[in-house]
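> just the structure for this:
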Amino acid sequence: MHIRSLKSNCRDSNNSPDNCSQVKIIGVEIEESASDLEDLPFTGDIALMMGNEGQGMNHKQMAMCDSFIKISQYGVGTASLNVNVAASIVMHRFHHWARGDAVA
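Down below sits the predicted model:
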């Protein structure tokens, strides 16, 4: 699904707002306003936007996001993860949140 269709799904369809899925776009980015993944910052249907491993997300990508989450890392040697590893960690946490599992 394209970002434009996620953002305009309700406006452009014949669905009433009650029948329309509101998908929030969450950027996974080391960003000042980002919520910590450990706090389970999910509230419903989401689409994840991952940044480039070298430079993160560009301004256009960040402008499309409704909010941001970050993965806590310990130590000072690394400020990023491989994009596949980061996506896997976030999707794992979302999976357990969506099932209602206690996630430690």
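
> so residue 23 makes contact with residue 48?
No: checked against CB atoms under 8 Å, the pair residue 23 and residue 48 is beyond contact range at 10.7 Å. Every residue, glycine included, has its C-beta placed from N, CA and C.

> which one's more surrounded, these two?
Set residue 23 next to residue 48 and count neighbours by other CB atoms under 10 Å: residue 23 wins out with 18 against 15.

> does residue 57 touch residue 29 like I think?
Yes: between residue 57 and residue 29 there is a contact under CB under 8 Å: 5.3 Å.

> shared neighbours of the two, anything?
Common contact partners of residue 57 and residue 29 (CB atoms under 8 Å, 6 or more residues apart in numbering): 51, 65.

> quick one: the residue at minimal distance from the centre of the chain and residue 74, what's the gap?
Note on the chain: the residue nearest the mean C-alpha position is residue 26, at 2.8 Å, using CA atoms, centre = their mean. Separation of residue 26 from residue 74 (CB to CB, to the nearest Å) stands at 23 Å.

> and the residue nearest to the residue nearest to the centre of the chain when sequence neighbours are not counted, backbone torsions?
Distances taken as CB to CB, 6 or more residues apart in numbering put residue 46 closest to residue 26, at 5.1 Å, once the chain neighbours are dropped. Dihedral pair for residue 46: phi -140, psi 160, per degrees, to the nearest 10.

> check which element follows the helix-or-strand element of the chain with minimal mean pLDDT along the chain.
Across the helices and strands of the chain, mean confidence by mean pLDDT, DSSP states H and E is lowest for helix 3-12: a mean of 54. Using DSSP states H and E, the helix or strand that follows helix 3-12 in sequence is strand 24-28.

> that following strand: what's the following helix or strand?
Following strand 24-28 toward the C-terminus (DSSP H and E): strand 35-36.

> now the closest residue in space to residue 35 that isn't next to it in sequence: how far from residue 64?
Excluding its sequence neighbours, the residue lying closest to residue 35 (CB to CB, 6+ apart) is residue 41, at 3.8 Å. Between residue 41 and residue 64 the distance is 18 Å, computed by CB to CB.
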